[in-house]
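Student: here are the coordinates; sequence isn't available:
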């Protein structure tokens, strides 16, 4: 099959004319008459790991006064596998306080982002990160995004080897343009003819974003099947043999557009570890060459796979690599939650998973989480590992230092907060949504904790308070908090209104289904009250809530 001809969308034109993602960003930055960037530059900015945003809570007020919107910027770091050292955390803490809102947001892709950065503070922020060897290259945009990996080192004696693939994959798929370093770090500019065409991304980059995750069974904390490419580590006798490869996962949809849909990835075979980098590279090139560039709503890998067929996609990758997929090896996922509190690896080192509600690290209402983590970083006795569930693991702690770290966690109430939070709260995820996300139709991280308070009351009413249930909320249908693969999914449709989705499994192997549309809080609680009552009375043994709602047929 030859590559079909495709019409050029506006985004494709902007990329093609961008001169290696440079556009007119340098000129936009110098314009002091506005806090915004030029429209084309706003798209290119994403490839540099940033989004332009504005305070939507104050839009009407500003409009009445005929003032420009309060524009600011979000910066997301590229941290393959989600690990940074204590020096990095201290720098992040300081930058957040000096140049952003002060809140550090742990994302669902195992990295962190800062909001509220003014245009004049972008370069100082990036330069501050560069001082500690952190960057935001390719953290957003139509490229491979942050590569995620099972977070807790206590999961496997060969964790370090598996984890190392996150960095290797990230490096192999980075854009080659020097635009980031020229614009933000004042690197001497190359003459355009001196910069060769990127062999992977060429001049158009990818049709849309591309996500890769690595999981170590039985842990599926990365929600592997929601990714464009998923790698399932196959370990035999404590030796990493290779990876089962899944393709075509993705959750974003568009309300009212039946051509868009969530999809879980399909396992297409096994690849020995020596061939995995080449295989992933060519999976990306097939998407580059065959992905839909006319309609961005249909441009993710999942749609390419369904349009061409799994067999064609697999054969094309094999043709480009010269490597045949072997039959997939057996594996089993049993959980995707984080193991909160202390755990110890086989080398004897300790790891403490801290519960961070919706990933928001700040000092608020007397709970000084941000201060506590800064104090931990200053001991230089723990590294920081972010999880895809928006938590942080204080990791690689020597036995002699465990008491020091624990004393800080107890002192600031972090240990108490982590141990006493209910199971459903610990298994909750929410996207940023209002007030900064331009796509949000409803609240997310600001509202879910309040709703969980009320859901906890319902669970107590039905003697289910200790029941682990995954609940996720997004302010729009794009799926950033992965609501379509949670036991209770809430997808914003309008301010205060959500579609209620039910029926995903605990392990992350099955999508849920839409149960009811456009529910307000009262209706959501009413539906859950009824369902919890049935679940408490009619469940089979230790059947999960998702399996129960799927079994009793309410979703048919």
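Tutor: Cool, the structure landed. What you see is a predicted model; the values in this text were computed from it and never measured.

Student: Spell out the residue ranges of the strands in the stretch 301-450 of the chain.
Tutor: Taking DSSP state E, counting those that start in this stretch as the test, the strands found in the stretch 301-450 of the chain are 341-344, 350-354, 360-361, 363-364, 367-368, 383-386, 392-397, 428-430.

Student: what's the fifth one in contact with?
Tutor: Right, the one you point to is strand 367-368. By C-beta atoms under 8 Å, 6 or more residues apart in numbering, the residues outside strand 367-368 that reach it are 412, 413, 417. All C-beta spots, glycine's among them, are computed from the backbone N, C-alpha and C.

Student: And the fourth one, by the same measure?
Tutor: Residues from elsewhere that reach strand 363-364 (C-beta under 8 Å, 6+ apart): 369, 370, 371.

Student: tell me the contacts of residue 372?
Tutor: Residue 372 makes contact with 408, 409, 411, 412, 414 under the criterion C-beta under 8 Å, 6+ apart.

Student: wait, residue 226 sits on residue 252?
Tutor: No. In this structure, residue 226 is not within contact of residue 252 by C-beta atoms under 8 Å, at 10.0 Å.

Student: follow-up on the earlier one: and the contacts of residue 372, which are buried?
Tutor: Buried by 16 or more other C-beta atoms under 10 Å: 408, 409, 412, 414, out of the contacts of residue 372.

Student: Would you quantify the distance from the last one to residue 382?
Tutor: Using C-beta to C-beta, to the nearest Å, one obtains 13 Å as the distance from residue 414 to residue 382.

Student: The third one too?
Tutor: Residue 412 sits 14 Å away from residue 382, going by C-beta to C-beta.

Student: now for stretch 300-316, what's the gap between its first and last residues?
Tutor: In terms of C-alpha to C-alpha, to the nearest Å, the two terminal residues of stretch 300-316 are separated by 17 Å.

Student: which of the contacts of strand 363-364 lies closest to residue 61?
Tutor: Of all the contacts of strand 363-364, residue 61 sits closest to residue 370, with 28.8 Å by C-beta to C-beta.

Student: Just give me the neighbour total for the closest one.
Tutor: Residue 370 has 20 neighbours, counted by other C-beta atoms under 10 Å.

Student: tell me, what residue is most central in this structure?
Tutor: The chain has residue 109 as the residue nearest its centroid, 2.4 Å off, counting by C-alpha atoms, centre = their mean.

Student: and that residue, that one's in a strand?
Tutor: No. Counting by DSSP: H, G, I helix; E, B strand; the rest coil, residue 109 is not part of a strand but coil.

Student: you'd agree it is up against residue 151?
Tutor: No. Residue 109 lies out of contact with residue 151 (C-beta under 8 Å); the separation is 11.8 Å.

Student: Overlap in contacts, these two.
Tutor: Joint contacts of residue 109 and residue 151 (C-beta under 8 Å, 6+ apart) are residue 388.

Student: quick revisit: what's the closest of the contacts of strand 367-368 to residue 346?
Tutor: residue 417 (28.7 Å).

Student: What is the neighbour count of the closest residue to residue 410 other than its chain neighbours?
Tutor: Of all residues not flanking residue 410 in the chain, residue 416 sits nearest, at 7.6 Å (C-beta to C-beta, 6 or more residues apart in numbering). Close neighbours of residue 416, defined as other C-beta under 10 Å, add up to 12.

Student: Distance-wise, check residue 416 relative to residue 290.
Tutor: Per C-beta to C-beta, residue 416 is found 53 Å from residue 290.

Student: before we move on, what about residue 266?
Tutor: Counting by C-beta to C-beta, the gap from residue 266 to residue 290 is 16 Å.

Student: who's more crowded, the two?
Tutor: residue 290 (22 against 18).

Student: Would you check that the more buried one makes contact with residue 306?
Tutor: No. Judged on C-beta under 8 Å, residue 290 makes no contact with residue 306 at a distance of 12.0 Å.

Student: which of the strands of the stretch 301-450 of the chain sits most buried?
Tutor: strand 428-430 (a mean of 27; mean count of other C-beta atoms under 10 Å).
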